[in-house]
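Q: Sequence and predicted model, in that order:
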There are 2 protein chains.
Amino acid sequence: MAQKPSIPKGTRDFNPEQVSKRNYIFDTIRTAFETYGFQPIETPSFENSETLMGKYGDEGDRLIFKILNSGDYLSKANNAAYSEKDSNKLTPSISEKALRYDLTVPFARYVVQHQNEIEFPFKRYQIQPVWRADRPQKGRFREFYQCDADVVGSDSLWQEVEFIQLYDTVFSALKLEGVTIKINNRKILSGIAEVIGASDRLIDFTVALDKLDKIGEEKVKEEMLSKGISEDGITKLQPLFTLSGSFESQIASLKSILNTSEEGKKGIEELYFINKAISELGLSTATLQLDVTLARGLNYYTGAIFEVAAPETVQMGSIGGGGRYDDLTGIFGLKNVSGVGISFGLDRIYLVLEELGLFPETVAKHVEVLFINFGDKEALFSLKAIKQLRLQGINAELYPDAAKMKKQMNHANKRNIPFVVLVGEQEMESNTYTLKNMISGEQDKVLLEALISLFK
Amino acid sequence: MAQKPSIPKGTRDFNPEQVSKRNYIFDTIRTAFETYGFQPIETPSFENSETLMGKYGDEGDRLIFKILNSGDYLSKANNAAYSEKDSNKLTPSISEKALRYDLTVPFARYVVQHQNEIEFPFKRYQIQPVWRADRPQKGRFREFYQCDADVVGSDSLWQEVEFIQLYDTVFSALKLEGVTIKINNRKILSGIAEVIGASDRLIDFTVALDKLDKIGEEKVKEEMLSKGISEDGITKLQPLFTLSGSFESQIASLKSILNTSEEGKKGIEELYFINKAISELGLSTATLQLDVTLARGLNYYTGAIFEVAAPETVQMGSIGGGGRYDDLTGIFGLKNVSGVGISFGLDRIYLVLEELGLFPETVAKHVEVLFINFGDKEALFSLKAIKQLRLQGINAELYPDAAKMKKQMNHANKRNIPFVVLVGEQEMESNTYTLKNMISGEQDKVLLEALISLFK
């Protein structure tokens, strides 16, 4: 029976042009990862449910796609849950596997599982899709790629320095100039919370502070008050709201705010070290900026926090992010492995490059020449030439049918194939090829050698 | 709570070496696909269940991984099925999506869904993972990649010719010489069945014939008899069992067997055409062989049937296969679109290359040089050089910590990094780098320019 075909909401088909453009971004990121010494790993698309569940909070658990067990799965269904018709309670008994929700938890699992084969510090990258049962909306999909690079097994700050360079390298290679790499440090946020007497309200405090850009100073203060942060504490925060100027001058202001917090001072030291190194090394096209309001997945990060903003001419959320985490592998039983990593947001980078017209014209490896098919004899003659072209790495093809010439020419035009070759009796006799430029209309009789050297 | 980490059975983690080797195969196939004019598409990992169900037979339906609906899925459960605790009947009401089982059905869905944007004939390739809830065993996995190239929208036999060339191109590029490309034609099989009066037993007949290699002539005859094929018919088959010699002489024998079957004669014509073209064009390292016992997914193919066998020195099933199908898109409502395609078996090709030692030594893009870290000043100095190396595309890195020299040297050895650079006070003063060859132990003081040109 004929069905009207469609795909699940939040998923996408990619046509040849889109795949080529996406691969251009992937290849650029991959090349940069490798020059920085990162090595690729891949993990399965689905993991045992217990590997993923409970790692992303309640909301995360809900957004994880679960895979139904095969066969007569109801025979092992939890009886109580079944009679209560309780979906949540039933799930673990009828579903043992779940689709990867991000690349970080599978990476942690990988490190612990393979700890005896891994030489630490371990620099790995991973470019694979992840799945989330999120409400689909513009720019948010249920299947999307993550591109992650992480180092585990060392707490050296040189890694933070190198990740900033890596961001700069990738975006410069993509010709996306003017991105801002924002940096903050969990220790700064903890220090501030400590200073204002809100250590026990660190999350509330940072969630409110994170909104400064969007809702402004007054609203942020109101929210903090409503969350139980004292008037006195908020007054102490005042310098934070007006923090501006160079990285160095901001650090100076932070020093005066945080002079009573050991943790805060440690955070300042780290920021100072990183900024000094980057100043000495230089960035090609990106700018490093201190942003004390930056929090991201705070309960996760323990040191540096990164986020990359697209150039100001484009309206777009962050196109990258990351940070240091000190106990990622602890959940799987391997303690005291410090890690730091960054991620690139493929879909948003794609949109930004598209909007700014930054994809190279040659990004899609188009067919360079189509041989018109005038019949079996001519086709065979053509295929002999095509074989030689392909051996030289030239994308060439034969129109498969001896269709009307106009139809074949139209096909070349519709596929943006810039040249066609016509081979008739005359050409076969003289061992030549009539080459037609589809843009200028110019036509030339050439030998095979000339044909090859034209396209090489 | 610490969990002992593991992955679901039938799935795999890939370490850096394995990923690099797999990518080497993917890249080789992709490059060949593109020189032959195929364009990449990608489809979502999961499809609506109705897109997949019923397309692969009952066994296929069972092997499709179903995704549990999100949220309170039981609220929409089929009541009758729920009270009967009937898993099969319940599934459609609690699962609307399923993981891709192959790339062919999603491709058919894609073609029908996007038929107005596609310029036919449409040559597409697709390299993506598929999932099957099969019993895992040696060489059979629940997640594995397929690499498919298909043309739809033309019934020209030149495509069969080009696919044979494409197989030859890929395996030659992989240095896997001596593969056998077996070819058969559905019309030959139908013709034989017709001639022996077993047209209504075509499947039984071909299933038995397919076993000739494994169980031998007598057992095949017994099986045919037991399936109701007449003694008389089997006698007529006799020449088939002893079919041997060149492609041409086999075709001559087939002609005498099939002289009363129109369909059989059409099949012979097609084989003749394809073989003649291939003889004229030549293959680099593969051999084309007629194999009348070849059936594969018979109810699916309507013309040519392909299968590729690894060189005889390796014990391995087929490493590729394909054929012509005349109504793939019909299931989604688009009639009369002929197609033909082939597939490469990544996992088996990997095993064959591994067994024969055919992976190039340079397949993993290793780090070429590690800078030893003697402290922050030296590290900064080193990173300035590393930055220049990376700009030239050289994979270089700094050991992140100022650990003991022996530890850092061991790290280079364990990771097979062939060179280290030592930068101490002396080097910083003289703006030089001490380069040590980790294999020969040789040591040299060089300038940055020399360092760069060494690795370029």
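A: That came in fine, so what should we check first?
Q: gap between the residue of the stretch 151-300 of chain A found nearest chain B and A:E119?
A: With distances taken as C-beta to the nearest C-beta, the stretch 151-300 of chain A approaches chain B most closely at A:S156, which sits 3.6 Å away. Any C-beta I mention is one placed from the backbone N, CA and C, and that applies to glycine too. Distance of A:S156 to A:E119, given as C-beta to C-beta, to the nearest Å: 16 Å.
Q: out of those two, which sits in the more crowded spot?
A: Between A:S156 and A:E119, A:S156 has the larger neighbour count (other C-beta atoms under 10 Å in any protein chain shown), namely 22 against 13.
Q: That one contacts B:P400, doesn't it?
A: Yes: A:S156 sits in contact with B:P400 when judged by C-beta atoms under 8 Å, with a separation of 3.6 Å.
Q: Pull up the residues of the stretch 351-456 of chain A that are close to chain B.
A: A:364-365, A:367, A:373, A:379-380, A:383-384, A:387, A:390, A:393-398, A:400-401, A:411, A:414-415 (C-beta under 8 Å from any C-beta of the partner chain).
Q: just checking, which of those belong to strands?
A: Judged by DSSP state E, strands contain the following of these: A:396-398.
Q: Tell me the one of those residues nearest chain B?
A: A:E397 (3.3 Å).
Q: Quick check: closest non-adjacent residue to the closest one.
A: B:G37 (3.3 Å; C-beta to C-beta, 6 or more residues apart in numbering or on different chains).
Q: Please enumerate the strands of the stretch 51-200 of chain A.
A: A:66-67, A:97-99, A:122-131, A:143-152, A:180-185 (DSSP state E, counting those that start in this stretch).
Q: circling back: just the residues of the stretch 351-456 of chain A next to chain B: which are in helices?
A: Residues of those located in helices (DSSP state H): A:379-380, A:383-384, A:387, A:390, A:411, A:414.
Q: Tell me the pLDDT of the residue of the stretch 151-300 of chain A closest to chain B.
A: The score at A:S156 is 97. That number is its pLDDT.
Q: what's the spacing between it and B:L356?
A: Relative to B:L356, and taking C-beta to C-beta, A:S156 is found at 42 Å.
Q: same question, A:K227
A: From A:K227 to B:L356 the distance is 66 Å (C-beta to C-beta).
Q: Same question for A:V363.
A: In terms of C-beta to C-beta, A:V363 sits 36 Å off from B:L356.
Q: which residues touch the residue of the stretch 151-300 of chain A closest to chain B?
A: Applying C-beta atoms under 8 Å, 6 or more residues apart in numbering or on different chains to A:S156 gives the contacts B:400-401.
Q: Equivalent analysis for A:Y110, please.
A: A:41, A:43, B:13.
Q: Most neighbours among the residues you listed, which one is it?
A: Result: A:I41 is most packed of those (other C-beta under 10 Å), 24 neighbours.
Q: Show the pLDDT at A:S256.
A: Reported pLDDT for A:S256: 89.
Q: can you map out the strands along the stretch 251-400 of chain A?
A: Under DSSP E, counting those that start in this stretch, the stretch 251-400 of chain A gives strands at A:287-290, A:304-309, A:318-325, A:339-344, A:369-371, A:396-398.
Q: about what we covered before: out of the strands of the stretch 51-200 of chain A, which gets nearest to B:E84?
A: strand A:66-67 (22.9 Å; C-beta to C-beta).
Q: which secondary structure elements does that closest one contact?
A: On a contact count with 3 or more C-beta pairs under 8 Å, 6 or more residues apart in numbering or on different chains; DSSP states H and E, strand A:66-67 meets strand A:97-99, strand B:66-67.
Q: Serialize the strands of the stretch 51-200 of chain A to TSV and add fields for mean neighbour count and mean pLDDT.
A: Compiled in TSV, those are given as follows (neighbours: other C-beta atoms under 10 Å in any protein chain shown; pLDDT from 0 to 100):
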stretch	mean neighbour count	mean pLDDT
strand A:66-67	25	98
strand A:97-99	25	98
strand A:122-131	22	98
strand A:143-152	22	97
strand A:180-185	23	97
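Q: would you list those strands in TSV and tack on distance to B:V420?
A: Listed next are the strands of the stretch 51-200 of chain A as TSV, based on distance: least, C-beta to C-beta, whole Å:
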stretch	distance to B:V420
strand A:66-67	46
strand A:97-99	42
strand A:122-131	16
strand A:143-152	19
strand A:180-185	30
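Q: between those, which one is nearest to B:D204?
A: strand A:66-67 (36.3 Å).
Q: Contacts for that closest one next, please.
A: Contacts for strand A:66-67 (C-beta under 8 Å, 6+ apart): A:46, A:49, A:91, A:95-99, B:65-68, B:99.
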